[in-house]
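J.: below: sequence and its predicted model.
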Amino acid sequence: MSDETFPVIDADRTQSTPKASVASKVASQTPQFLSTAEAARMLGLSTTLVQTLVDQGELKGWKTRGGHRRISLDSILDYQSFSRHAVGTHHKSSIKPIVSVVIESPTLFLELNTECVKWNLPIDVQFFDSVTEALLELSSHKPDMIVVEMSMPRAQQEKTFQALKNFNQRGTTPLSVVLITGEKDLKASMPAGASSSIQVVSGPMSAVWLHAYLTGVIASCK
């Protein structure tokens with residue numbers, strides 16, 4: 001079967017051009033790498049945060065001989081998809097999104113809590129020092145998403161993953177979960193059918209990572 005055709009008008013005459021050829025030409029003209037400023041505009045983030053995401057490996061990029069960054073369009077689209085997934089079913093409105101953050105390290109808990117107050121972002125961030133405390137709160141006050149910094153032993157991390165999976169299976173609207181861990185194969189080791197609403201991200205948790213994540217959530221809600 002021949003390709004579907006449609007007229008293409010130029011200055012002199014009308015001719016038929018295969019639609020597949022036109023699509024291929026358009027695709028070939030789409031830049032595969034963007035500058036830091038272009039990536040920042042696309043993500044709704046500052047150039048500083050975009051540079052930090054590249055340094056942390058969240059975005060894939062390289063530097064030209066002149067020292068200018070070029071960032072992979074595919075990695076930008078993947079990051080956008082991740083941010084939208086984090087927002088889940090949260091409706092875009094004037095209501096601030098609610099994010100629960102679980103940090104078991106007392107030092108990191110204090111640091112990020114203090115930094116979050118300084119940022120004064122248009123988002124409601126609730127800190128908990130244990131997963132148990134956060135899960136108890138979920139029964140009466142469900143956030144839009146939950147971020148868990150997991151520094152406990154591997155066996156406890158697997159139990160935490162399972163507990164959050166069970167919570168999502170009981171409800172009609174799954175909770176968007178981000179687990180930050182040094183165990184890179186944690187999700188792969190869990191039983192088949194693990195909740196797609198649970199994202200596993202390589203750690204460690206830091207103020208820069210949290211600021212970038214929260215900024216991404218805010219941008220996705222606009």
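T.: Here it is on my side, so go on. Residues are numbered from 1 along each chain as shown.

J.: I'd say Val99 and Lys142 touch.
T.: No: with contact defined as CB atoms under 8 Å, Val99 does not reach Lys142; the gap is 11.8 Å. In this view, the C-beta of every residue, glycine as well, is placed from N, C-alpha and C.

J.: who has more neighbours out of these two?
T.: Val99 (25 against 14; other CB atoms under 10 Å).

J.: and that one, bridged to which residues?
T.: Taking DSSP bridges as the rule, Val99 bridges to Val125, Met145.

J.: which residues does it contact?
T.: Contacts for Val99 were tallied using CB atoms under 8 Å, 6 or more residues apart in numbering; they are Ile123, Asp124, Val125, Gln126, Pro143, Asp144, Met145, Ile146, Val147, Leu214, Val217.

J.: got TSV for the residues you listed, with neighbour count and pLDDT too?
T.: As requested, the contacts of Val99 are exported to TSV (neighbours: other CB atoms under 10 Å; pLDDT from 0 to 100):
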residue	neighbour count	pLDDT
Ile123	17	92
Asp124	13	92
Val125	21	94
Gln126	14	92
Pro143	20	85
Asp144	22	84
Met145	22	87
Ile146	26	91
Val147	26	93
Leu214	21	90
Val217	23	85
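
J.: what's the closest of those to Asn166?
T.: The closest of the contacts of Val99 to Asn166 turns out to be Ile146 (CB to CB; 14.1 Å).

J.: show me where this protein has its helices.
T.: Ranges of helices in the chain, per DSSP state H, are 19-29, 36-43, 47-55, 73-87, 106-119, 131-138, 154-170, 207-221.

J.: for Ile198, find the nearest of the ones you listed.
T.: That would be helix 154-170 among the helices of the chain, by CB to CB, at 6.2 Å.

J.: quick check: Pro143 vs Val177, distance?
T.: 10 Å (CB to CB, to the nearest Å).

J.: which neighbours do those two have in common?
T.: The contact lists of Pro143 and Val177 share no entry, where a contact means CB under 8 Å, 6+ apart.

J.: pLDDT weak spots in the chain?
T.: 1-31, 44, 81-94, 139, 171-172, 187, 189-196, 222 (pLDDT under 70).

J.: one step back: as JSON lines, the contacts of Val99 with distance to Asp185 would be great.
T.: Listed next are the contacts of Val99 as JSON lines, based on distance: CB to CB, whole Å:
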{"residue": "Ile123", "distance to Asp185": "31"}
{"residue": "Asp124", "distance to Asp185": "33"}
{"residue": "Val125", "distance to Asp185": "29"}
{"residue": "Gln126", "distance to Asp185": "30"}
{"residue": "Pro143", "distance to Asp185": "27"}
{"residue": "Asp144", "distance to Asp185": "28"}
{"residue": "Met145", "distance to Asp185": "23"}
{"residue": "Ile146", "distance to Asp185": "22"}
{"residue": "Val147", "distance to Asp185": "20"}
{"residue": "Leu214", "distance to Asp185": "27"}
{"residue": "Val217", "distance to Asp185": "26"}
